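Trainee: can't give you the sequence, but here's the structure:
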Ligand code: APR
Ligand code: ZN
Ligand code: ZN
């Protein structure tokens, strides 16, 4: 029997979001219905509301979520009702060239639930990032569910569905930060701070946080940065070189997504160092570099796709580390809110003191 639940809808471009009744079908083959317990508010949800991602309104927002599997469709064996899971954006196929090469984060044939969730009048909803979890329940492909330790707080587990995983993964998976490395992180929002947590976890000796906002730098220090640079008042590249004996950092992680910070990241790395690009630029942005610098500095420029994570390996691992007190993921949760407060949370994002508002159900 299809179920009626409450969910947060973005009805049209820049229109305020609102809570509406939505219809969730029974899970079909390969699908699961998940009872949502927590879902973080991310910039991407705001971008959907603004029509910056596509025009497929109305959206069912929310995508950084954890909850309990309620029911599964035919052929689902990896998760069963009652499992506590973190959701990810896409189920991977397991058989394409990228999957076979062990890089499933580049999978060519990812999928979400085939059936649609709707409004009461039958209007089909577009779930944000194939999830739609600002809702009491949502329908996903079973492969989007990853089982984790059920004793963790849901608002902490859900963080791994997006920005926090992207940042930690940028450090430990893409950047291969190692014991004793020097790391610079440019841009200390949720993603940059997570990169700091990941770098510390990997044993970095020096973690230099760079931002244009002193409040972000204070928070970065709490997250594990050993040095901070305000790049509004000083030259980021010079400052990073000075703090690394004149060389530059072994790994520089860019978590802003702008040409000037991409350029800073490029020049702030040591010869043969690694630049990890996790900040997402917009389509019109360009970067011009002297080819001799590209050639001569060696090392690697790598972009990081959702932290190049393997959910089945990384989600349970990071939750175990949190439960053991070896990383503090709860530090990313600034406030917990209700389904009706998402619009307010969007407004607060610009105030600069929020890492994550998390809807708790
Ligand atoms: N130099 C340094 N820091 C900057 C600059 C700049 N020129 N411009 C902005 N920042 C800082 C902001 O002050 C803020 O602390 O970058 C940080 C960006 O943080 P958020 O807006 O909270 O974004 P976040 O969620 O962390 O995502 C960062 O990663 O995954 C991508 O799409 C995401 O491109 C985005 C980036
Ligand atoms: Zn997100
Ligand atoms: Zn694949």
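Mentor: Happy to help now that I have it. These numbers come from a predicted model, not from an experiment. Ligands and ions are numbered 1, 2, ... in the order given.
Trainee: confidence score at the nearest residue to residue 69 once chain neighbours are set aside?
Mentor: In this structure, residue 69 finds its nearest non-sequential neighbour in residue 83, 4.6 Å apart by C-beta to C-beta, 6 or more residues apart in numbering. For the C-beta atoms, the positions are set from N, CA and C on the backbone; glycine is no exception. We have a pLDDT of 98 for residue 83.
Trainee: Now residue 83. Its backbone dihedrals?
Mentor: Residue 83 adopts backbone torsions of phi -70, psi 140, taken as degrees, to the nearest 10.
Trainee: and it, how many neighbours does it have?
Mentor: Residue 83: 19 surrounding residues under other C-beta atoms under 10 Å.
Trainee: Double-check it against residue 68; I have them as touching.
Mentor: Yes - the pair residue 83 / residue 68 is scored as a contact, 7.0 Å apart, by C-beta atoms under 8 Å.
Trainee: Please list all residues in contact with residue 117.
Mentor: 7, 22, 23, 24, 25, 60, 124, 125, 127, 132, 138, 139 (C-beta atoms under 8 Å, 6 or more residues apart in numbering).
Trainee: switch the cut-off to 6 Å
Mentor: Counting by C-beta atoms under 6 Å, 6 or more residues apart in numbering, residue 117 touches 22, 24, 125, 139.
Trainee: quick one: which of those is nearest to ligand 1?
Mentor: Proximity of those to ligand 1 (C-beta to the nearest ligand atom) peaks at residue 125, which lies at 23.2 Å.
Trainee: With ligand 1 as the reference, measure out to the closest residue in space to that closest one that isn't next to it in sequence.
Mentor: Leaving aside its chain neighbours, residue 125 sits nearest to residue 60 (4.3 Å; criterion: C-beta to C-beta, 6+ apart). Taking C-beta to the nearest ligand atom, to the nearest Å as the measure, residue 60 falls 20 Å from ligand 1.
Trainee: Please list all residues in contact with residue 350.
Mentor: Not one residue lies near residue 350 by C-beta under 6 Å, 6+ apart.
Trainee: can the contacts of residue 117 go into a markdown table with extra columns for pLDDT?
Mentor: Converted to a markdown table, the contacts of residue 117 look like this (pLDDT from 0 to 100):
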| residue | pLDDT |
| --- | --- |
| 22 | 98 |
| 24 | 98 |
| 125 | 98 |
| 139 | 98 |
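Trainee: Scan those and report the most crowded one.
Mentor: Comparing the contacts of residue 117 by number of neighbours (other C-beta under 10 Å), residue 139 comes first, having 30 neighbours.
Trainee: I figured that residue hits residue 112, correct?
Mentor: No - counting by C-beta atoms under 6 Å, residue 139 stays clear of residue 112, with 9.0 Å between them.
Trainee: Pretty sure the residue nearest to residue 125 sits against residue 6.
Mentor: No - the criterion here is C-beta under 6 Å, and residue 60 misses it with residue 6 at 11.0 Å.
Trainee: Comparing those two, which residue is more hemmed in?
Mentor: residue 60 (27 against 15).
Trainee: what's across from that one in the sheet?
Mentor: residue 9, residue 127 (DSSP bridges).
Trainee: for the residue of the chain most remote from its centre, helix, strand, or coil?
Mentor: Distance to the chain centre peaks in the chain at residue 292, reaching 34.3 Å (criterion: C-alpha atoms, centre = their mean). Put simply, residue 292 is helix when judged by DSSP: H, G, I helix; E, B strand; the rest coil.
Trainee: And the lowest-mean-pLDDT helix or strand in the chain, how far out from the chain middle?
Mentor: Each helix and strand of the chain was given a mean pLDDT (mean pLDDT, DSSP states H and E); the minimum falls on helix 291-296 at a mean of 91. Taking C-alpha atoms, centre = their mean, to the nearest Å, one finds the center of helix 291-296 at 32 Å from the center of the full chain.
Trainee: Walk me through which strands the helix or strand that it is followed by pairs with, and which way each runs.
Mentor: Per DSSP states H and E, the first helix or strand lying C-terminal to helix 291-296 is strand 300-303. Strand pairing for strand 300-303, determined by DSSP bridges: strand 269-277 (parallel).
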